[in-house]
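Asks: What follows is a predicted structure for the sequence shown.
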Amino acid sequence: MEPMTATVRWLLGRRALSLGLCGGAAGLDREIDCALTSELPAPHEWLSGGELLLTTGLRLPDTAEGRHRYVRALDRTGIAGLGFAVGMGFDEVPADLIAAAEEVGLPLFAVPLQVPFSAIARTVLDRLAEQRYDQFVRASRTQPTMTRAIVNGGTAGVVRALGDAIGQTVLLYDDGGHLITARPSHPPADVIATADAILGRERGSSSGVSITADSAVTVQRISVGRSTFGHLVVVGVTPPSDLERVLVGHATSLLTLEHAKPRQVAAEQARVHAELLDLAASGTVTPAMARLLDRAAGRDGRVRVVLYVFATDDDAEQGAEHLTAHLEEQWRAVFVRTDGREVSALVHGDDGVGFLDGLRGWFRTPGPDGVRVRGGLGPAVAVTEIAASARGARVAAGTAPDGELVDLDTERSVLAIGGVRSGLQGAYAPRLGPLLDAEHADLLTTLRAYLQANGQWEAASRAVGIHRHTLRQRVDRIERLLGIDLADARTRAELLLILLAN
């Protein structure tokens, strides 16, 4: 439903008033915010724009040039229209006044003698009251929709709901000025450039509206006390209306609550999200689950699984905390799961290794007590296909040396090709069967380290944590059990690919 407005066109349509347009039809859609009477020779000095000015012409300039200046000054002020009473000082609206109004596009209409100015003012006031009530009703209907959006869609859901409600571009930035989400999903580059420029100037203020040559940009800070989490930016053709300001304020409140939710609520939400990720990684995604998992998707609607493998369970717990904090700082929905030494999470489908660079310094802590971890990124998929991305992340992590996060898709690895990976996985049991029982678990670990070290005894023994003589004894046992010669480079390459794919 279109919002009701008080325009000059609407006012002239009130048949009971018998108002007749004389000139300035180009401005009939100007909005009226009040109606008043003035007989001042220069009324523009006391106006601020949006007024419907009513006059009898008692002190109208005598010359044509003076009347042109009179109309031009009113137009520059931004009034909605000019009503001229006929039958008192003038029997008809002066022709030079009509010509001036037509020239600048200022609506000029005749008011019959029998129609009092108060009737026009009352009609406008009634319309404005209806408009305010209509805005109140629309706000009362839209606010619950936005509240439900934060529950079902997180921050991106609120941004979508606000953009749909006000019909303008809505952008959410983190405190560093990075775009988190938007409605529409991919705003034009010039709109983003305008928002970025305004945000750069207005970041220190709590809120404000900036007018450019072709847009109005509203910036609303999202903060609690002295802590700022980000900024909500609305870009439209005109400044926000009262209704739009109410809805922007409501969205800001919801985003603040979402980002600064009580610790207990955040912990419960994290637990539920971890269970959802666990189910999705195993291949179970119901429609209800998909709606919640969509909160982790990027603007392309896709997600990727990132998997980290730590040396110890304690390191994994700390790694999960760092990963959670990193996602929260970026206004991301947190789907993080810990399983022993493994930590997995959902990131946007268009995220790469660079998005997780903020964690590298912690992962690469030097020294004997440093954190040992390797990681992998799975392919970008729809939330219903998270299991496939989880499998890809595990393969990528298997190829990574300590301290590195591997993205097989960007590295164009053959392991990223589904058919190749399936074939290698099918060869796992036939080629490595004798090492797959629990009795020989240490031999499987030794084989992987030896192959990844390219047959270098010193590097392999350090990776496993055993003496090189012990390593030689284990390699001999592996060769006897599998009936192979690990001195052969092709054999080593085949076995390494099989291990990496599983």
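Replies: That came through, no problem. Numbering: from 1, shown residues only.

Asks: Any idea which helix or strand in this protein has the lowest mean pLDDT?
Replies: helix 360-363 (a mean of 54; mean pLDDT, DSSP states H and E).

Asks: any idea which helix or strand comes after that helix?
Replies: Following helix 360-363 in sequence order, the next helix or strand is strand 373-377 (DSSP states H and E).

Asks: Show me how far that following strand is from its chain's centre.
Replies: A distance of 27 Å separates the centroid of the chain from that of strand 373-377, by CA atoms, centre = their mean, to the nearest Å.

Asks: tell me the mean pLDDT for that strand?
Replies: For strand 373-377, mean pLDDT rounds to 85.

Asks: and the helix or strand that it is followed by, what does it pack onto?
Replies: Helices and strands here follow DSSP H and E; after strand 373-377, the next one along the chain is helix 386-399. Helix 386-399 is packed against helix 263-281, strand 303-310, strand 342-348, strand 373-377, strand 405-407, helix 489-500, with contacts defined by 3 or more CB pairs under 8 Å, 6 or more residues apart in numbering; DSSP states H and E. Backbone N, C-alpha and C define where each C-beta goes, glycine included.

Asks: Nearest to residue 235 among the ones you listed would be which one?
Replies: For those, the distance to residue 235 is smallest for strand 342-348, at 22.5 Å, taking CB to CB.

Asks: Now do that closest one: distance to the chain's middle.
Replies: 19 Å.

Asks: Check stretch 441-460 too.
Replies: 45 Å.

Asks: so for that stretch, what's the average pLDDT?
Replies: So the average pLDDT for stretch 441-460 ends up being 80.

Asks: Can you measure across it, start residue to end residue?
Replies: Taking CA to CA, to the nearest Å, the first and last residues of stretch 441-460 lie 16 Å apart.

Asks: Number the residues from 776 up from this point.
Replies: From this message on, residue numbering opens at 776, which makes the last subject stretch 1216-1235.

Asks: what residues are up against residue 973?
Replies: 985, 987, 992, 994, 1008 (CB atoms under 8 Å, 6 or more residues apart in numbering).

Asks: Of these, which one scores lowest on pLDDT?
Replies: residue 987 (77).

Asks: in the stretch 876-1025 of the chain, which spans are strands?
Replies: 883-886, 944-949, 954-958, 982-986, 991-999, 1002-1011 (DSSP state E, counting those that start in this stretch).

Asks: Just checking: what are the partner strands of the second one?
Replies: Just to be clear, that refers to strand 944-949. Strand 944-949 sits in its sheet next to strand 954-958 (antiparallel), strand 1002-1011 (antiparallel), going by DSSP bridges.

Asks: can I get those in a markdown table with mean neighbour count?
Replies: As requested, those are arranged in a markdown table below (neighbours: other CB atoms under 10 Å):
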| stretch | mean neighbour count |
| --- | --- |
| strand 954-958 | 21 |
| strand 1002-1011 | 21 |
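
Asks: TSV for those strands, including distance to residue 1230?
Replies: Output for the strands paired with strand 944-949, formatted as TSV (distance: least, CB to CB, whole Å):
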stretch	distance to residue 1230
strand 954-958	47
strand 1002-1011	51
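
Asks: any idea how this structure splits into domains?
Replies: With domains defined by automatic domain parsing, the chain comprises 783-890, 918-1034, 1038-1191, 1201-1275.

Asks: would you turn those domains into a markdown table with distance to residue 910?
Replies: Formatted as a markdown table, those follow (distance: least, CB to CB, whole Å):
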| stretch | distance to residue 910 |
| --- | --- |
| domain 783-890 | 13 |
| domain 918-1034 | 4 |
| domain 1038-1191 | 30 |
| domain 1201-1275 | 61 |
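
Asks: Next one, pLDDT for the closest residue to residue 1115 other than its chain neighbours please.
Replies: Excluding the flanking residues, the one nearest residue 1115 by CB to CB, 6 or more residues apart in numbering is residue 1088, at 5.7 Å. Looking at residue 1088, its pLDDT is 88.

Asks: how much space between residue 1088 and residue 1094?
Replies: 10 Å (CB to CB, to the nearest Å).

Asks: More neighbours: which of the two?
Replies: When neighbours are counted by other CB atoms under 10 Å, residue 1088 and residue 1094 differ, and residue 1094 comes out ahead with 24 against 12.

Asks: Where does the more buried one sit: helix, strand or coil?
Replies: Following DSSP: H, G, I helix; E, B strand; the rest coil, the label given to residue 1094 is helix.

Asks: which residues does the residue nearest to it when sequence neighbours are not counted contact?
Replies: Leaving out its chain neighbours, the residue that sits closest to residue 1094 by CB to CB, 6+ apart is residue 1118, at 5.1 Å. Residue 1118 makes contact with 1082-1083, 1085, 1091, 1094-1095, 1098, 1111-1112, according to CB under 8 Å, 6+ apart.

Asks: Try it again at 10 Å.
Replies: 1081-1085, 1090-1099, 1111-1112, 1148, 1150 (CB atoms under 10 Å, 6 or more residues apart in numbering).

Asks: Tell me what it is bridged to.
Replies: Applying DSSP bridges, one finds that residue 1118 bridges with residue 1083, residue 1113.

Asks: quick one: pLDDT of it?
Replies: For residue 1118, the model assigns a pLDDT of 93.

Asks: Show me the residue at the heart of the protein, geometrically.
Replies: residue 956 (1.1 Å; CA atoms, centre = their mean).

Asks: Can you tell me the closest non-neighbouring residue to it?
Replies: residue 931 (4.4 Å).

Asks: picking that back up, out of the domains of the chain, which is closest to residue 902?
Replies: Using CB to CB, the nearest of these to residue 902 is domain 783-890, at 7.1 Å.
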